[in-house]
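J.: only geometry, no sequence info:
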């Protein structure tokens, strides 16, 4: 362990774990998640989508529901490696805090831009969104991570303080969120309602942002990325911080894998056991959903780390992993490109055999339906959309150009 070092600007972060080589599994996991985001948001026809590629209507969970919380988890995990590298380069906590704030603000502004693109109807612009939630969680978790502990202490003590702070914050955030959801009355609805309009999170969003700036789904105005439900979402990112510190430690690889696997199994079991009392629900990000999705993320990282990083014989998989690496190396940029292409393609119209104008995705779906059943035709368009984005990102990866948004 290294002691804290000093610069003219002040004490740097304590280097509280031995430097670790970059984990290929992190880039692969990030790329798989971005590919999944692109795939599930670009169906050829929303009337024909296989259930694993859809979100649960309300309570319950599908594989698609695991994508966003896993991305938050991975952001927290990557944070530990990124901030340690910046610390070794001599950055102070103040400089890191500025970096965290700037990146968070940029993500929020980028999310607002994508919500409005390409029409920019400001009167009806949706304010919450995926990047907005990532930005808010990054701000909260990042500042907590760098300001817990004391400069000038030994590396071991600094490690314990950071891990304890993150570990204590997770149940605190979940308990705070659930107490607000269950105990705060909503005017006209009462206390403890967990439907789209009666929950306190939806009421806060409607009060602060008004209905024309929120998501409209199921005949109701609310938002799955609202302000209050960002609180338990931050717990997923904090869990990633804990996983990152565990992986960066000097423990044997086998112990690291076992610890991640056991923790993942425990959290999934806890989420399932809690489900009858607090239903698993991504749209309001219930504590049971946080536990279940956090456990899934831990098990996914365990599997990928074992397959890719911990087993030398698996290095030959690199060619098969290239698509995921391409997306993972420019994750936010790739997501941005996909989010911009989606509405643009929807604005392109083609004429079918009856000279009827149809949007480009529907035209492709109709074409694929001549050879495939409707569900496979819809999936074929989504896969084609992913491949198009892969083709756009591939030259950047081949030239080692990484756009850090």
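T.: Now that the structure is in, tell me what you want to look at. These figures come from a predicted structure and were not determined experimentally. Residues are numbered from 1 along each chain as shown.
J.: Spatially central residue for the protein, please.
T.: Centroid check for the chain by CA atoms, centre = their mean gives residue 71 as the closest residue, at 2.7 Å.
J.: and that one, what pLDDT?
T.: For residue 71, the model assigns a pLDDT of 98.
J.: Likewise for residue 313?
T.: Model confidence at residue 313 (pLDDT) stands at 49.
J.: wait, doesn't residue 388 sit right on residue 342?
T.: No. Contact criterion CB atoms under 8 Å: residue 388 and residue 342 do not qualify, at 11.0 Å. C-beta here means a position set from N, CA and C on the backbone, and glycine is covered the same way.
J.: what about residue 179, helix or strand, and which?
T.: helix 155-183 (DSSP states H and E).
J.: list the helices and strands that helix packs on?
T.: helix 130-147, helix 200-209, helix 230-248, helix 287-304 (3 or more CB pairs under 8 Å, 6 or more residues apart in numbering; DSSP states H and E).
J.: Next, the angle from that helix to helix 287-304.
T.: Using axes from the mean of the first three to the mean of the last three CA atoms, to 10 degrees, one finds that helix 155-183 and helix 287-304 are set 140 degrees apart in direction.
J.: where do the strands sit along the stretch 251-400 of the chain?
T.: With DSSP state E, counting those that start in this stretch as the criterion, the stretch 251-400 of the chain has strands at 349-351, 357-359.
J.: Just want to check the distance between residue 28 and residue 161.
T.: From residue 28 over to residue 161 the distance is 31 Å, taken as CB to CB, to the nearest Å.
J.: These two: which is more packed in?
T.: Legend: neighbour count by other CB atoms under 10 Å for residue 28 and residue 161, higher for residue 28 (24 against 16).
J.: And the more buried one, how far from residue 177?
T.: The gap separating residue 28 from residue 177 is 32 Å, by CB to CB.
J.: cool, and residue 118?
T.: In terms of CB to CB, residue 118 sits 35 Å off from residue 177.
J.: Which one of the two is surrounded by more residues?
T.: The neighbour comparison of residue 118 against residue 177 (other CB under 10 Å) goes to residue 177, with 25 against 10.
J.: That one touches residue 231, doesn't it?
T.: Yes. Counting by CB under 8 Å, residue 177 does reach residue 231; the two are 4.6 Å apart.
J.: follow-up on the earlier one: reformat the helices and strands packed on helix 155-183 as TSV; add mean neighbour count and distance to residue 83.
T.: Output for the helices and strands packed on helix 155-183, formatted as TSV (neighbours: other CB atoms under 10 Å; distance: least, CB to CB, whole Å):
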stretch	mean neighbour count	distance to residue 83
helix 130-147	22	7
helix 200-209	19	30
helix 230-248	25	9
helix 287-304	25	18
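J.: do you know which of those lies nearest residue 94?
T.: helix 130-147 (9.3 Å; CB to CB).
J.: need the contact list for the residue lying closest to residue 198 once chain neighbours are set aside.
T.: Closest residue to residue 198 apart from its sequence neighbours, by CB to CB, 6 or more residues apart in numbering: residue 189 at 3.9 Å. Shown in contact with residue 189 (CB atoms under 8 Å, 6 or more residues apart in numbering): 197, 198, 203.
J.: Give me the nearest residue to the last one, chain neighbours excluded.
T.: Here the nearest residue to residue 203 in space, its sequence neighbours aside, is residue 186; by CB to CB, 6+ apart that works out to 4.6 Å.
J.: Below-threshold pLDDT in the stretch 201-350 of the chain: ranges please.
T.: Within the stretch 201-350 of the chain, the ranges that satisfy pLDDT under 70 run 218-219, 311-318.
J.: For the residue nearest to residue 203, what are phi and psi?
T.: Dihedral angles of residue 186 (phi, psi; degrees, to the nearest 10) stand at phi -100, psi 120.
J.: how far away is it from residue 228?
T.: Taken as CB to CB, the span from residue 186 to residue 228 is 12 Å.
J.: Then residue 390?
T.: Distance from residue 390 to residue 228, by CB to CB: 36 Å.
J.: ok, now residue 212?
T.: 19 Å.
J.: now residue 378
T.: Using CB to CB, we find residue 378 at a distance of 34 Å from residue 228.
J.: Residue 348 touches residue 359, doesn't it?
T.: Yes. Residue 348 is within contact range of residue 359, at 6.9 Å (criterion: CB under 8 Å).
J.: Looking at those two, which is more packed in?
T.: Higher neighbour count among residue 348 and residue 359: residue 359, with 14 against 11, using other CB under 10 Å.
J.: one step back: contact partners for the residue nearest to residue 203?
T.: Shown in contact with residue 186 (CB under 8 Å, 6+ apart): 193, 198, 199, 200, 203.
J.: got a pLDDT number for residue 403?
T.: Per-residue confidence (pLDDT) for residue 403: 87.
J.: my read: it touches residue 334, true?
T.: No. If you go by CB under 8 Å, residue 403 and residue 334 don't touch, sitting 9.1 Å apart.
J.: These two: which is more packed in?
T.: It is residue 334, of residue 403 and residue 334, that has more neighbours when counted by other CB under 10 Å, with 26 against 13.
J.: Where does pLDDT dip in the stretch 1-150 of the chain?
T.: Scanning the stretch 1-150 of the chain for pLDDT under 70 picks out 1-22, 149-150.
J.: all strands for it, in order.
T.: In the stretch 1-150 of the chain, the strands defined using DSSP E, counting those that start in this stretch lie at 6-7, 10-11.
J.: Can you report how many residues neighbour residue 60?
T.: When neighbours are counted by other CB under 10 Å, residue 60 registers 14.
J.: any idea how far it is from residue 286?
T.: 11 Å.
J.: so what sits against both of those two?
T.: Both residue 60 and residue 286 are contacted by 279, 280, under the criterion CB under 8 Å, 6+ apart.
J.: related to what we said a few turns ago, I'd like the helices and strands packed on helix 155-183 written out as JSON lines, with distance to residue 181 added.
T.: Formatted as JSON lines, the helices and strands packed on helix 155-183 follow (distance: least, CB to CB, whole Å):
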{"stretch": "helix 130-147", "distance to residue 181": "17"}
{"stretch": "helix 200-209", "distance to residue 181": "6"}
{"stretch": "helix 230-248", "distance to residue 181": "10"}
{"stretch": "helix 287-304", "distance to residue 181": "9"}
